[in-house]
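Student: heads up, no residue letters with this:
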């Protein structure tokens with residue numbers, strides 16, 4: 001029997017990292033929000049790696065925090081280790097990474113959701129939804145509850161028709177033995193949503209007592225770690241748990257090669273496309289046959305468990321083969337499995353069918369976020385969930401969506417990439433995808449995005465006022481440093497000699513000294529007696545802005561050129577088949593994607609520079625005609 005379970009503004013299907021951010025954003029923006037999970041024990045689960053952040057992903061977490069999201073704050077409360085990566089390179093690619101206490105992370109996030117006003121969390125499988133007059137109307141659970149809603153955010157992760165593979169064995173399942181969502185796929189297909197099959201996987205978990213860490217390289221956390229959230233301070237006295245590094249060898253590779261016929265990946269059982277940048281160990285051995293070894297990281301899953309995660313050993317091989325190959329690795333000779341590695345295949349959509357707001361083009365009020373959109377990774381999922389929650393809420397309020405462009409945020413790069421280009425494999429964020437990464441650093445995420453978080457109502461007045469004070473202090477200190485002239489005194493030249501920097505014979509601005517490669521803003525405090533006492537976040541930003549001023553100015557000029565094409569908006573009802581001069585492929589792609597601007601059109605695969613020239617001429621003619629009609 002079916003029954004009417006009430007009216008809500010919005011329903012979020014799936015309570016993984018995308019669903020949590022989407023539901024919190026919507027509820028905090030005043031929407032009466034439902035959040036569904038097949039199991040409430042799987043809320044904010046980390047079914048694969050027990051860490052948050054890392055190269056480029058740390059940028060996403062900082063951006064989520066500045067827009068009012070929760071991931072950064074949650075990992076700051078539940079980390080077991082914090083490390084800043086890429087510090088031997090420039091600050092554009094510095095990226096914070098945290099090992100997580102997996103169970104504590106889940107518990108903290110679940111409690112945050114439970115406490116949130118306007119948010120109603122329920123354990124149920126969503127099996128159907130209805131559309132009326134092109135708009136979403138209701139959703140239905142597996143036990144017949146029908147909820148009337150004005151918006152739906154689908155954030156099903158890898159649960160949508162999930163299927164686990166371990167060698168010759170396969171069975172329907174979501175991650176960690178949770179039931180899959182089998183019926184929603186059919187409802188989506190019925191409404192015309194195109195589905196594709198992707199695949200991902202995870203390595204085995206091993207009991208700590210069976211590992212010989214003396215044969216591995218230890219990796220400690222930072223002594224004075226940074227927080228992900230700009231609001232948090234990390235207590236450096238909190239014990240951090242070490243990770244360990246070891247390697248595969250030729251014996252490992254021999255076992256893998258001898259058993260490839262037993263891998264469902266190579267036997268053809270797995271049809272879905274796997275992630276290029278996070279391949280299984282058998283895939284690495286085949287694709288990089290010249291490599292004698294591959295890095296393997298041994299990481300703790302939490303403070304109150306002896307299960308260890310073996311990063312870099314994802315596999316779909318049978319368990320007996322896994323045990324044999326793991327035991328060839330230094331330190332894992334006596335490894336005892338607690339859970340075998342597995343591959344999981346699942347349904348996801350073609351993200352090119354979405355608007356940049358993450359709303360489905362053909363059904364009003366239907367949004368998608370996370371791995372359902374063909375991405376991989378917790379951080380990629382969380383940022384999409386946040387943006388879907390924000391934009392679905394703005395839509396219900398009758399307001400325009402927030403569209404972050406490629407010059408504003410890594411989030412903007414990610415969404416623009418998947419919507420404009422689509423993806424034929426699980427999409428992973430990387431710093432190399434961001435053309436303007438010198439401007440999109442993790443240290444300045446608040447300067448780029450906190451204003452937007454405040455405008456949509458996800459950043460408090462107190463936090464916003466603190467941010468304005470910080471911003472003012474940065475601007476004032478940069479101006480002071482530029483105006484401060486250092487004279488060639490003995491004290492100054494002695495300092496310069498000590499730092500292997502050329503002496504000065506005439507006055508020089510402090511800002512020019514900062515630009516010298518051997519000097520830093522921080523070190524120059526010794527010859528800068530008038531320097532005010534400022535917080536570390538301020539001094540760090542001042543130092544970077546001054547040190548890389550020339551490069552930043554050059555990239556800002558590139559951004560101006562980018563903006564000109566982004567500001568040339570294309571009519572929403574344009575029929576590209578009617579534009580003479582466009583090639584057939586360009587017409588087809590443009591009609592499918594329906595780009596917002598000439599800039600977005602220029603990034604569509606199959607649209608050439610010649611096609612863009614035709615579009616610019618058409619747009620100018622169209623605008624001239626509109627002006628005549630209105631005069």
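Tutor: On my side now, so go ahead. Predicted, not measured: the structure shown is a model, and the values here were computed from it.

Student: Residue 624 - that's part of a strand, no?
Tutor: No: remark: residue 624 does not belong to a strand; assigned using DSSP: H, G, I helix; E, B strand; the rest coil, it is helix.

Student: ok, so what distance separates it from residue 630?
Tutor: Residue 624 sits 11 Å away from residue 630, taking C-beta to C-beta, to the nearest Å as the criterion. Just so you know, the C-beta spots here come from the backbone N, C-alpha and C atoms, and that holds for glycine as well.

Student: burial measure for the nearest residue to residue 507 once chain neighbours are set aside, as a count.
Tutor: Sequence neighbours aside, residue 485 is the residue nearest to residue 507 in space, at 4.5 Å (criterion: C-beta to C-beta, 6 or more residues apart in numbering). Neighbour count of residue 485, defined by other C-beta atoms under 10 Å: 11.

Student: Mind listing the residues bridging to residue 485?
Tutor: The residues paired with residue 485 through beta bridges, assigned by DSSP bridges, are residue 509.

Student: how about the helices in the stretch 351-500 of the chain?
Tutor: Taking DSSP state H, counting those that start in this stretch to define them, one finds helices in the stretch 351-500 of the chain at 378-396, 410-421, 445-455, 461-483, 490-498.

Student: before we move on, back to that, show me which of residue 624 and residue 630 is the more surrounded one.
Tutor: The residue with more neighbours, out of residue 624 and residue 630, is residue 624; 10 against 6, by other C-beta under 10 Å.

Student: how far away is the more buried one from residue 617?
Tutor: As it turns out, when the distance is counted by C-beta to C-beta, residue 624 lies 11 Å from residue 617.

Student: coming back round to it: and the helices of the stretch 351-500 of the chain, which is most packed in?
Tutor: Using mean count of other C-beta atoms under 10 Å, the stretch among the helices of the stretch 351-500 of the chain with the greatest mean number of neighbours is helix 378-396 (a mean of 29).

Student: which other helices and strands contact it?
Tutor: With contacts defined as 3 or more C-beta pairs under 8 Å, 6 or more residues apart in numbering; DSSP states H and E, helix 378-396 has these neighbours: strand 10-13, helix 17-28, strand 51-53, helix 57-66, helix 71-78, strand 151-154, strand 366-368, helix 410-421.

Student: Tell me the strands beside the first one, with direction?
Tutor: Using DSSP bridges, strand 10-13 pairs in its sheet with strand 33-37 (parallel), strand 151-154 (parallel).

Student: now residue 226, nearest residue through space, not along the chain?
Tutor: Once flanking residues are discounted, residue 226 sits nearest to residue 96: 5.9 Å by C-beta to C-beta, 6+ apart.

Student: and that neighbour, how many neighbours does it have?
Tutor: 25.

Student: same thing with residue 60?
Tutor: Burial of residue 60 is recorded as 33 neighbouring residues (other C-beta under 10 Å).

Student: In contact with it, which residues are there?
Tutor: With contacts taken as C-beta atoms under 8 Å, 6 or more residues apart in numbering, residue 60 has the following neighbours: 379, 380, 382, 383, 410, 411, 414, 429.

Student: Equivalent analysis for residue 243, please.
Tutor: Residue 243 is in contact with 81, 99, 218, 219, 297, 298, 299, 300, counting by C-beta under 8 Å, 6+ apart.

Student: Check residue 403 too.
Tutor: Residue 403 is in contact with 356, 357, 412, 596, counting by C-beta under 8 Å, 6+ apart.

Student: can you list the residues that contact stretch 561-581?
Tutor: 405-407, 435-436, 582, 586-587, 590-591, 594-602, 614-619, 622.

Student: coming back round to it: mind putting the contacts of residue 60 in a markdown table, pLDDT included?
Tutor: Putting the contacts of residue 60 into a markdown table (pLDDT from 0 to 100) gives the following:
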| residue | pLDDT |
| --- | --- |
| 379 | 98 |
| 380 | 98 |
| 382 | 98 |
| 383 | 98 |
| 410 | 97 |
| 411 | 98 |
| 414 | 97 |
| 429 | 95 |
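
Student: Check which helices and strands the helix or strand of the chain with the lowest mean pLDDT sits against.
Tutor: Of all regular secondary-structure elements in the chain, judged by mean pLDDT, DSSP states H and E, the least confident is helix 264-267 with a mean of 83. Under the contact criterion of 3+ C-beta pairs under 8 Å, 6+ apart, helix 264-267 touches helix 281-287.
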